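when you get a sec, could you give me coordinates for this:
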Amino acid sequence: NCASSIREAKYKELIAASKMSLAPMMEYTDRHFRHLVRLVSNRTLLYTEMVAANALSHERRARQEDYRNEHPTATQDEVCAGYSDQYLRRFLAQGQVQPLEGPSVLQLGGSDPQQMWEAAQTVMDLREREGVACDYTALNLNCGCPSPKVAGKGCFGAALMDDPKLVADLTEALHDGTNGHLPITVKCRIGTDSNQAFTKQAYMEMDPQKEYANLCRFVETVASKGIVTDFQVHARIAVLQKSFSPTDNRKIPPLKYDYVRRLVQDYPELTFSLNGGIETLSQAQEQFQIEPNLCGVMIGRSWAAQPWRFAMTDRLLYSDTDNNELSVSSSLPKNRLEILKAYGKHADREEAHGDPVKIRRFIVKAIVPLFAGEPNGKRYRIALDQIAGLPKKLHQQGKTLEGQPPLSELILNAAIQHLPEDVLLRPAEESYARILDEEAKRRRGSGGEGDGGSDRSRVVMEWQTQRKEDEEKEANAKREVLEETASSASADTNATIATI
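Model (predicted):
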């Protein structure tokens, strides 16, 4: 039927793009960063931040109720097509400047099948509307996030791995909510610590066959309804019983890539992507050499820390070349100056359709790591920070952006002013040759072991530090808004009292 043919086409698009996936990261893989990644790689499969299904469900219900009150005789189809989607666009809208997102996956989090169904219906509602880009390749259920905010109360995320039957029901609800039009996938861990309190020693002594058997039961149960055939597996357990932070859960439990490779061999009818601990293109290539039937590799923090290091992804993982008629890599920007020029079109459109005071910092944030590790990279970041804060600064002074240069011009000028020309114009091939040379030197320096992971970890740590600083700035900005609101309310109250 029509639904199955649409889903099959989407599934082919999904699998074809899965060699490299941008991992979902809260507060980071928004549509702005996804647009930047698409300028670096035409082929990489993009994942959104996790979106809470209950937020979509509640908002959809409320706005539909508003529409019914305003249009008492409206049919259900008219309600679905007409309710306000202004708030929902914040979570679901994709960029509308070329290149469009293309292969991309919306990740949802939740544990209530009804809310999952309504969340999927929301996606389909927006997919049919003019003026909204909401054309995802697939929906993904989050069964891997160990954050206490998500899994700490047994709500969803990695905690769902302890209830595979519920996961199967949730994926069925997503399937039904999309009217069978989109593939449904699952991102998970290799297990949790629910059966045994985690300590390094106790985990080392655990029977690996028993642990792998539990993982197989999860996969088999989730796949039993014939809906889910694609899994993204973070090759660590999720520690939920201790007060582990997400960072602890990324570092302390050991990686067990062999479990994912065994899944590939034991379930040839399913597809699996490997996540966790992979930081470079060369490491990704190595995984495919070890297990050629692996569907894909998923990388998050390294993409976020230094996206330009992945500029050869299309050629190295997807075998795209400029002289290949089927290739799309020839349409990519040739260097980072061209990327900034292309990104500027996205930036200007976003500001034209939104409030710069609220959204500029998010738009600018996406391009901050583009020159990480380069000469004068810090000066460039400082300049971007000043550009990002300009709308708010003017607003506080009672001024607007009228007469100010467009954001695209400010971004480009900052790069030209602070960064060396050879850095701006260096092509991807030359940049990657330097990366390989650095990795070779580090291997020699470490006696032939590793591939420079310590230096990559340093870069990622620097990015994490910068990310914390950005989060603090955003938190301070929110506090200032609240304080201004409270101060204004107090002033109004005092004025009223004085009048009385």
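
low-confidence regions, the stretch 1-150 of the chain specifically.
Within the stretch 1-150 of the chain, the segments meeting pLDDT under 70 span 148-150.

any stretches of the stretch 401-500 of the chain with poor pLDDT?
446-500.

can you do 50?
449-452, 481, 485-486, 488-500 (pLDDT under 50).

for the stretch 201-350 of the chain, what spans make up the helices?
208-223, 246-251, 257-266, 281-290, 301-305, 313-317, 336-352 (DSSP state H, counting those that start in this stretch).

list the contacts of the third one.
Spelled out, that is helix 257-266. 190, 211-212, 215-216, 219, 231, 233, 235, 270, 272, 274, 287, 290-291, 293-295 (Cβ atoms under 8 Å, 6 or more residues apart in numbering). Quick note: C-beta positions are derived from backbone N, CA and C, even for glycine.

cool, the longest one as well?
Counting contacts by Cβ under 8 Å, 6+ apart, the residues outside helix 336-352 that touch it are 32, 35-36, 39-40, 95-98, 308, 333, 359-360, 363-364, 366-367, 370-371, 406-409, 411-412, 415-416, 423-426.

can you flag the buried ones in these?
32, 35-36, 39-40, 95-97, 308, 333, 359-360, 363-364, 366-367, 370-371, 407-408, 411-412, 415, 423-424, 426 (16 or more other Cβ atoms under 10 Å).

for the longest strand along the chain, packing partners?
Counting by DSSP state E, the longest strand found in the chain is strand 228-238. Using 3 or more Cβ pairs under 8 Å, 6 or more residues apart in numbering; DSSP states H and E as the contact test, the elements touching strand 228-238 are helix 2-17, strand 184-192, helix 208-223, helix 246-251, helix 257-266, strand 271-275.

what angle do the second one and helix 2-17 make?
In this case it means strand 184-192. Between strand 184-192 and helix 2-17, the angle comes out at 50 degrees (axes from the mean of the first three to the mean of the last three Cα atoms, to 10 degrees).

distance between strand 184-192 and the chain's centre?
A distance of 16 Å separates the centroid of the chain from that of strand 184-192, by Cα atoms, centre = their mean, to the nearest Å.

okay, Y318: pLDDT?
You'll see Y318 listed with a pLDDT of 96.

and the strands in the protein, which stretches?
So, for the chain - with DSSP E - the strands run 20-22, 45-47, 51-52, 104-109, 138-143, 184-192, 228-238, 271-275, 296-299.

the first one pairs with which strands?
Looking back up the chat, that one is strand 20-22. Strand 20-22 sits in its sheet next to strand 45-47 (parallel), strand 296-299 (parallel), going by DSSP bridges.

tell me which of those sits most buried.
The highest average neighbour count among the strands paired with strand 20-22, using mean count of other Cβ atoms under 10 Å, belongs to strand 45-47 at a mean of 26.

I would like the residues contacting that one, please.
Here strand 45-47 has contacts from 14, 17-18, 20-24, 29, 34, 37-38, 101-105, 107, 137, 140, 296, 298, using Cβ under 8 Å, 6+ apart.

run the last query once more with 10 Å
Strand 45-47 is contacted by residues 13-25, 29, 31, 33-35, 37-38, 94, 101-107, 136-138, 140, 185, 187, 232, 273, 296, 298, 300 when judged by Cβ atoms under 10 Å, 6 or more residues apart in numbering.
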